[in-house]
Every structure is written in C-alpha cells, then in structure tokens.
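here's my sequence, what's the structure:
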Amino acid sequence: MVKNILKTALLFVVFSALVCALFACGNGGEVSPQIVAEEIPESGEISTAGHLVWLSNRVNGGERFFGRDFTLVNDIDLLGIEWIPMGSGTATQYIDALYVDAELDYGNYFAGNFNGNGKKITNFKITKEYEYVGFFGRNAGTIENLAISDFFINVDANHGIEGISDEWEQGRNMIMVFAGGIAGRNYGIIDNCSSNGDIKISVKNVGRHSFAVAGGIVAANWVTGTIKNSHSLGSVQSFADVESVSAGIAGGNYGNILNCYANGDITALTHSDAYAGGLVSRNHGTVKDSHATGNVKALIQKQLRFNSSSFAGGLMAGNWSSGIIDNCYALGEVTASGGVNAFAGGLTGECAGKIYNSRAEGNVLSEAGINAVAGGFSGTFNSWSEEKSALIENCNAFGNATAHGSMRAYAGGFVGFLEGAFSIVRDSYAHGSAEANALEGDTYQDPWIAFVRIIEY
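Below is the predicted model:
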C-alpha cells in the first residue's frame, strides 16, 4: 500500500511538472497561461495567439508599424492571459487634445492597419495598471472588422489614501487611467468593431488629482479620431477621487462617432465630479446616427470638495459648445446623485452645443445637496455667446423628470434649467411629467422648461 501511495505521489509530481511546463504557476498555486511570441510572417497574416503577443511586444518596444497591414485569419482564444495593451506606456506628459501631432511624438502606439477580417479575439483580462488600457493602448492607425469578447478589464490604480488637496487644481502629481475595450485612446480610425466585455477602473492618488476615463470602445476619441459602425455590449464603471468619466462607446469625444450603439449599463463614481453617458460622456465632437439603451448613473459617494457635481445623460453627460448630435436616441433610465449639484437628462445632462432630430425615452432622476436639476431631454441647456449659440431642433422627450434637492430643485419635462439668450429650442416636444421637491428653498417644475434665466449676472 505504501508503494501505491508513493507511486501516486510521484505521478502527481510528474503531472504537476508537465502542467507548469505548459503554464506559469503563479502565487498561491494559481495557474496563469503563458503564450510564446511568434513572429508574424511578411504577409501580415495573424493566425495564432503567439502572433498577437509578438505584435504587442513589438509595439510596446517602440515599433509603430506605420502603414503596415495585418489581417486576422482565425478566431483566437487568448486562454485567459493577462493581456498587455499594444501601446500601454505613458505618453510622459499631458498635452491638450488639439495638439495631436505633439502628443504622438511621445510613447508607444500602433499606427498600422489591423483588419480583424470578421474574426474574434476572446478570453483575456487586464488587471495591471497602465495609463492606456484596452486591447490596444493607443491607436493612430486603422482597426476594422474586429470583435473582442469574453474579456474583462478591472484595474485598481491605488496611489494612497483617499482625499483631495489643493494640488489637484494645478494637475501636479496627476494619475490618469484611460480604459476602453478596443483602445485606451484613439487618434485613428475604428470601423465595424465590437466589444463585449465588462470594464471597471478605480484611480486613487494620495489626495491629489486622479482622473479615470472609461468607454466600451475607447476611453478617449481624439480630434483626428473616427469611430463608426461599431458597438459595445458590456457594462462600464469608473471611480476616481477627483474626476470620473464613463460611457458606452467613448468617455471623451473630440472627433467623430458615426452609426454606433451601446447596450451596457454605465456608472461613474467619485468623491468630486462624475460624468456618465450611455454613448459618450463628454462630447466636443460630432455624434450621428447612434443610440444607447443602458441605464446611466453618475454618483458622488462621499463629497470631498465643496463644488462637486454629477452629470448623467442617457446619451451623454455633456454636449459642450463645439458638440453636435444628430439623429440619435437614448432609452435608458438616468440618475445623477450626490454632491452639491446634480444634472440629469434623458439625452444629455448638460448641453451647450447643438442637437438635431433626436429623442430620449428614459425616466430621469436628480438628487443633490443643494441644486438638483432634471430634464426629460436635457438637464441644463445654456449659451451666453451668439458666436457659439446652442440649439435643440426637432427633438422629443418621453420620460418623466424628477428632482430632489436640499436647497433648490428644478424639473422640466424637456429642460430643467435653461440659461442664456442664445439657447434656442425649436420644433421640439415633451411628453412626460415633471416633479420637483426641495427640503428648504425653491422648487421649480414645469411640463416644458422648469426655469429660464436669460440675463447674465
């Protein structure tokens, strides 16, 4: 019997050695798969997981592959590996979105042409901290016809205790994480791509400036970037001490988003400012022929700054003065809650740009410590500049708007709070109800627009 026990133990040791020859045995007895890099042939055909690892290694080593063509010829299972995004490294400095050429002088990124060829890449995870998180970290080339699924991103960038200091105003010691399914940041073209995985990021930075941006396709679509004919099905959640931004397609958009949709639930959590949008969170560009169906929440969990605000919109948190929305719709329930100010709208939490031929159908709830603003279509709508006049034309709101504020509450069937002589609403209608309640102070509710201020003071 002792011999049998020894024989069994020996067989187990041999078996374990064989397993560890195929897989890297991690801490605590965990087994994490390893994929050996294989050089992609001159044809550019990608047929194995090893080819993808090789490409990631080369991009992160500084090769950008300008204009080189790659084609996925098989569905590829990445065996649950910890994926290193292609172009994951830090760009070394923060540069404004309009200066793309300057920003692309720094760091690693992909600049080739990646044709997914209708194939799928599945079964990977990203849990380690990078500034740019996604299957691609930064893309300045073309990514097309690619589906990624059965993956998850869960990054916890914890750089110390929670809190806020005055240093965040100057951006000193800033920690930023940009996470998207396809790419962290896009300067190029993403066409006919899909993402079906859940994304969750958390950024804490010893009380200084922490900035988390997450999107189902990309975190940020820069001024040269175009995303078209693409969709995301997973949930997206971000947390940051200071600024948290989440959306179904792109957390921030300065470029073009065309014929895209997102179905997942969106949540932005913070101790300061939160922005959540079903399709885009902060829009400075153009969005056309697109829609979002998920529920949207912007939540301030614990207020650490006096002037903290939450913005939530069924399509986008904010459509700023240069933003254009055309032929879009949103179906999800919308909630902005916590902090000093909460702005919630069926389509946009705040709008200072232009919206055409669009509709919102979800119910809207705003809850705030001082000012709660809810609109069936847009929470706020404002423009004080004739040069940058704001316009909503041929639009409809079908959901009910509810606002609960400690000091002031504004609820409008179409817009909660309209300000500025150059904020124009034309040929548009509200079909839902409006209800506002303030514990103390002023309450404004109206089936159309709750409050109008056209004199600046």
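
tell me which helix or strand residue 267 sits in.
Assigned by DSSP states H and E, residue 267 belongs to strand 266-270.

list the buried residues for the strand or helix carrying residue 198?
In this structure, residue 198 sits in strand 194-204 according to DSSP H and E. Within strand 194-204, the residues that count as buried by 16 or more other CB atoms under 10 Å are 194-204. Where you see a C-beta, it was placed from the backbone N, CA and C, and this is true even at glycine.

tabulate those (CSV), appending pLDDT and distance to residue 116.
Below are the buried residues of strand 194-204 laid out as CSV (pLDDT from 0 to 100; distance: CB to CB, whole Å):
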residue, pLDDT, distance to residue 116
194, 98, 9
195, 98, 12
196, 98, 14
197, 97, 15
198, 97, 21
199, 98, 19
200, 97, 25
201, 95, 24
202, 93, 30
203, 89, 30
204, 81, 35
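
can I get the residues you listed in a markdown table including distance to residue 437?
Listed next are those as a markdown table, based on distance: CB to CB, whole Å:
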| residue | distance to residue 437 |
| --- | --- |
| 194 | 42 |
| 195 | 39 |
| 196 | 40 |
| 197 | 40 |
| 198 | 35 |
| 199 | 35 |
| 200 | 33 |
| 201 | 34 |
| 202 | 33 |
| 203 | 34 |
| 204 | 34 |
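
and which of those is nearest to residue 216?
residue 195 (5.3 Å; CB to CB).

distance of the closest one relative to residue 259?
Separation of residue 195 from residue 259 (CB to CB, to the nearest Å) stands at 16 Å.

same question for residue 351.
Applying CB to CB to residue 351 and residue 259 gives a distance of 22 Å.

more crowded one of the two?
Legend: neighbour count by other CB atoms under 10 Å for residue 351 and residue 259, higher for residue 351 (33 against 16).

quick one, domains of the chain?
1-30, 35-264 (automatic domain parsing).

hey, least reliable of those domains by pLDDT?
Least confident of the domains of the chain, judged by mean pLDDT, is domain 1-30 with a mean of 41.

and residue 381, what is it in contact with?
Counting by CB atoms under 8 Å, 6 or more residues apart in numbering, residue 381 makes contact with 350-352, 375, 390, 392, 415, 417-419, 423, 425.

just send these back as JSON lines, with distance to residue 285 and pLDDT too.
Formatted as JSON lines, the contacts of residue 381 follow (distance: CB to CB, whole Å; pLDDT from 0 to 100):
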{"residue": "350", "distance to residue 285": "16", "pLDDT": "98"}
{"residue": "351", "distance to residue 285": "14", "pLDDT": "98"}
{"residue": "352", "distance to residue 285": "14", "pLDDT": "97"}
{"residue": "375", "distance to residue 285": "23", "pLDDT": "98"}
{"residue": "390", "distance to residue 285": "16", "pLDDT": "96"}
{"residue": "392", "distance to residue 285": "18", "pLDDT": "98"}
{"residue": "415", "distance to residue 285": "23", "pLDDT": "98"}
{"residue": "417", "distance to residue 285": "25", "pLDDT": "97"}
{"residue": "418", "distance to residue 285": "24", "pLDDT": "97"}
{"residue": "419", "distance to residue 285": "24", "pLDDT": "94"}
{"residue": "423", "distance to residue 285": "20", "pLDDT": "96"}
{"residue": "425", "distance to residue 285": "22", "pLDDT": "97"}
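
switch those over to JSON lines; also include secondary structure.
Listed next are the contacts of residue 381 as JSON lines, based on DSSP: H, G, I helix; E, B strand; the rest coil:
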{"residue": "350", "secondary structure": "strand"}
{"residue": "351", "secondary structure": "strand"}
{"residue": "352", "secondary structure": "coil"}
{"residue": "375", "secondary structure": "strand"}
{"residue": "390", "secondary structure": "strand"}
{"residue": "392", "secondary structure": "strand"}
{"residue": "415", "secondary structure": "strand"}
{"residue": "417", "secondary structure": "strand"}
{"residue": "418", "secondary structure": "strand"}
{"residue": "419", "secondary structure": "strand"}
{"residue": "423", "secondary structure": "strand"}
{"residue": "425", "secondary structure": "strand"}
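
among those, who's most crowded?
Going by other CB under 10 Å, residue 375 tops these with 40 neighbours.

which residues are in contact with that one?
Contacts of residue 375 (CB under 8 Å, 6+ apart): 344-346, 364, 381, 397, 401, 411-417, 449-450.

switch the cut-off to 10 Å
313, 334, 343-351, 360, 364, 366, 381, 397, 399, 401, 403, 410-418, 430, 434, 448-450 (CB atoms under 10 Å, 6 or more residues apart in numbering).

and the nearest residue to it once chain neighbours are set aside, how close does it get to residue 450?
Nearest non-adjacent residue to residue 375, counting by CB to CB, 6 or more residues apart in numbering: residue 416, 3.9 Å away. Look at residue 416 and residue 450: by CB to CB, they are 5 Å apart.

need the overlap of contacts for those two.
373-375, 401, 403, 409-410, 434, 436, 444.

filter those down to just the ones in strands.
373-375, 401, 403, 409-410, 434, 436, 444 (DSSP state E).

now rank these by neighbours and give me the top one.
residue 374 (42 neighbours).
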